[in-house]
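> generate coordinates for the sequence data below:
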Amino acid sequence: MIGAYPGSFNPPTRAHLAIAEAAREAFGLSRVDLVVSRRALDKEHVDRPLFEHRLDVLHQVASSRPWLGVTVTDAQLLVDMTGGYDVLIVGADKYHQLFDTRYYGGSDAARDEAVARLPRLAVAPRPPLEVPDELVLVVDPRHATASSTAARRGAAELMVREASRFDRRTGAWTDPARYERWLAGGEQGRPRRGGPGPRPPGGDGHQPEVEPD
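Have a look, this model is predicted:
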């Protein structure tokens, strides 16, 4: 069985990993794919850090975890991302989004048809949002309030180590001005720590790997 965990992972956090691991254990999943849309719903304006850098960090995260994969899609609706998957893993906020008719042209019928096509659901709790008991994943409560937003605002300890390492080197999430300088090449000469990672486009010919849809 394979699970799909859609998200922007901007940046990927320890909570994201805990949720993926909880789903893997709860459903006996052989793999969990982090499914990333090139134009995430309600986040179409996000262009920093560059998509290729965010994706490269995710590949680093997955490279040390054989059960974790990364998939890129052009789809925006969760129902369009989950074909062929056995379990859809979402946070409580995304769970409620599934039933919001504004994402289905205001049509109750379109929403109901889409929801009917979803695979089995596994929902990570996020108080105070309510979720049916039978869908709730058991996740360490310490992760319930962790968010990528908080990480971007300076709580770098919430990031997974691969994201934290890239952020320390470039400012990708916590220091946008430094990241822009890095993109422009202003910090390329500084010593790199923590092993290989994303580089500015054209900096050394490296092109981050992108998996096919």
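
> what's around the closest residue to V36 other than its chain neighbours, how many residues?
Closest residue in space to V36, ignoring its immediate chain neighbours: V72 at 5.5 Å, by Cβ to Cβ, 6 or more residues apart in numbering. C-beta: built from backbone N, CA, C; applies to glycine. V72: 16 surrounding residues under other Cβ atoms under 10 Å.

> show me the shaky parts of the protein.
43-44, 186-213 (pLDDT under 70).

> what about the strands in it?
2-6, 31-37, 68-73, 87-91, 120-124 (DSSP state E).

> may I see the buried residues of the last one?
Burial within strand 120-124, assessed by neighbour count using 16 or more other Cβ atoms under 10 Å, is assigned to L121, A122, V123, A124.

> other SSEs contacting it?
helix 14-27, strand 87-91, helix 92-97 (3 or more Cβ pairs under 8 Å, 6 or more residues apart in numbering; DSSP states H and E).

> closest to R54 out of the strands of the chain?
strand 31-37 (7.6 Å; Cβ to Cβ).

> out of the helices and strands packed on strand 120-124, which is closest to T170?
Comparing the helices and strands packed on strand 120-124 by Cβ to Cβ, helix 14-27 comes nearest, at 19.9 Å.

> work out the gap between the closest one and the centre of the chain.
13 Å (Cα atoms, centre = their mean, to the nearest Å).

> what do you get for stretch 103-123?
For stretch 103-123 - counting by Cα atoms, centre = their mean - the centre lies 21 Å from the chain centre.

> that one: end-to-end distance?
19 Å (Cα to Cα, to the nearest Å).

> now it: buried residues?
Result for stretch 103-123 [16+ other Cβ under 10 Å]: buried residues Y103, Y104, R111, A114, P119, L121, A122, V123.

> now what about it, what contacts it?
Residues from elsewhere that reach stretch 103-123, judged by Cβ atoms under 8 Å, 6 or more residues apart in numbering: 3-4, 22-23, 26-27, 41, 77-79, 82, 85-92, 95, 97-101, 131, 135-137.

> still on that earlier bit, TSV for the strands of the chain, including distance to T13?
Compiled in TSV, the strands of the chain are given as follows (distance: least, Cβ to Cβ, whole Å):
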stretch	distance to T13
strand 2-6	13
strand 31-37	12
strand 68-73	14
strand 87-91	11
strand 120-124	12
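
> out of those, which is closest to T149?
With Cβ to Cβ as the measure, strand 87-91 is the member of the strands of the chain nearest T149 (12.4 Å).

> listing partners with orientation, what would you give for the closest one?
strand 2-6 (parallel), strand 120-124 (parallel) (DSSP bridges).

> redo those strands as TSV? Include distance to F51.
Below are the strands paired with strand 87-91 laid out as TSV (distance: least, Cβ to Cβ, whole Å):
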stretch	distance to F51
strand 2-6	15
strand 120-124	24
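
> nearest to H59, out of those?
In terms of Cβ to Cβ, the element of those nearest to H59 is strand 2-6, at 15.0 Å.
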